[in-house]
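> only geometry, no sequence info:
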């Protein structure tokens, strides 16, 4: 992507005008290719590619720069490569509910409900990391442990609760990967969302809205109130390097929010909780009738799920 950007960028400035990160450093994507010191400052939301007439991607530039010179990735790799709080079994399961690592932490009751529903259908669950944090850090991410698990369980289809897991694993695994909303709809499970939700779209699904096509079956109408906000502020591991951009993001989301803010990414919900935003609702939790508020006891919840027993 770096070489392509150097050859094709027309310096139109659309990327700069649509990205707080590029705007702050007064650069476009072409300039970014030569700013290796800023490789961990990009939020990797993908807005630049969405507006670029040449389809150039700051996400790919950041990844390429990070892979050339990984920095400070040891902690992420240690925790997430072989996820320390995973809960898997060797029980055979043709379909497998993949909860990821964040849903059980931020939405424990909703996760319990999903496990119960899937259990009644003979579907086992997996609590594990999809390796996205490792992949985006620039370190080498190995998907072989998950591939081995799938082979041992004779799994043919992976059902993802998290949009980040869905979009990454769909590219990395050789089996069918679907969203949990597809499973719910094909089995006539869940109720329609009341009213007109204001939806904050997660970065991974914001532009193609692949998962949202299934979610739309559970809503009559919706508001796209947060379109101008690039991301929740958690993406790309840039938050710690760009606290001023994080503050601007928080303020803008609060300004745009009217009655509620619906998400279908538990990571977005978690960061909104830290922002102290009100009326945060999760579409999965609402559809399942759990109507759970995002939990502030993340560590306690994930530890509990690590030791959750199967029936």
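On my side now, so go ahead. None of the values given here were measured: they were computed from a predicted structure.
> just the endpoints, please. Distance across stretch 44-59?
Start and end residues of stretch 44-59 are separated by 5 Å (C-alpha to C-alpha, to the nearest Å).
> how many other residues sit next to the residue nearest to residue 70 when sequence neighbours are not counted?
Once flanking residues are discounted, residue 70 sits nearest to residue 138: 4.3 Å by C-beta to C-beta, 6 or more residues apart in numbering. (Each C-beta comes from the backbone N, C-alpha and C, glycine too.) Neighbour count for residue 138, taken as other C-beta atoms under 10 Å: 23.
> which residues are in contact with residue 138?
Going by C-beta atoms under 8 Å, 6 or more residues apart in numbering, residue 138 touches 39, 63, 65-71, 73.
> can I get the residues you listed in TSV with neighbour count and secondary structure?
Shown next, in TSV, are the contacts of residue 138 (neighbours: other C-beta atoms under 10 Å; DSSP: H, G, I helix; E, B strand; the rest coil):
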residue	neighbour count	secondary structure
39	23	coil
63	20	helix
65	23	helix
66	23	helix
67	14	helix
68	11	helix
69	10	coil
70	17	coil
71	13	coil
73	20	coil
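> and the contacts of the helix or strand residue 269 falls within?
According to DSSP states H and E, residue 269 maps onto helix 266-274. With contact meaning C-beta under 8 Å, 6+ apart, helix 266-274 is reached by 100, 102-103, 105-107, 161-162, 164, 200, 202, 232-234, 253, 261, 263, 280, 282, 294, 296, 298.
> narrow these to those in helices?
Mapping these onto helices (DSSP state H) picks out 103, 105-106, 164, 253, 298.
> other SSEs contacting the helix or strand harbouring residue 3?
Assessed by DSSP H and E, residue 3 sits inside helix 2-8. With contacts taken as 3 or more C-beta pairs under 8 Å, 6 or more residues apart in numbering; DSSP states H and E, helix 2-8 sits against helix 29-32, helix 58-68.
> can you check the pLDDT for residue 78?
Predicted confidence (pLDDT) for residue 78: 68.
> going forward can the numbers begin at 181, since that is how I track them
Yes, from this point I'll number from 181; that puts the last item at residue 258.
> distance of residue 405 relative to residue 439?
Separation of residue 405 from residue 439 (C-beta to C-beta, to the nearest Å) stands at 10 Å.
> between the two, which one's more packed in?
Neighbour totals were compared for residue 405 and residue 439, and residue 405 leads with 19 against 12 (other C-beta under 10 Å).
> one step back: pLDDT, distance to residue 387 and neighbour count added to the ones in helices among the contacts of helix 446-454, as TSV?
Formatted as TSV, the ones in helices among the contacts of helix 446-454 follow (pLDDT from 0 to 100; distance: C-beta to C-beta, whole Å; neighbours: other C-beta atoms under 10 Å):
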residue	pLDDT	distance to residue 387	neighbour count
283	95	23	29
285	96	27	26
286	96	24	29
344	95	14	23
433	92	19	21
478	93	28	17
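> tell me the one of those residues nearest residue 425?
residue 433 (12.6 Å; C-beta to C-beta).
> what is the neighbour count of the closest residue to that closest one other than its chain neighbours?
Excluding the flanking residues, the one nearest residue 433 by C-beta to C-beta, 6+ apart is residue 409, at 5.7 Å. By other C-beta under 10 Å, the residues close to residue 409 number 20.
> can you check the one 4 residues further on too?
As a burial measure, the neighbour count of residue 413 was computed by other C-beta under 10 Å and equals 27.
> can you give me every residue that contacts it?
Shown in contact with residue 413 (C-beta under 8 Å, 6+ apart): 223, 419, 425-426, 429-430, 451.
> and the gap between it and residue 268?
From residue 413 to residue 268 the distance is 31 Å (C-beta to C-beta).
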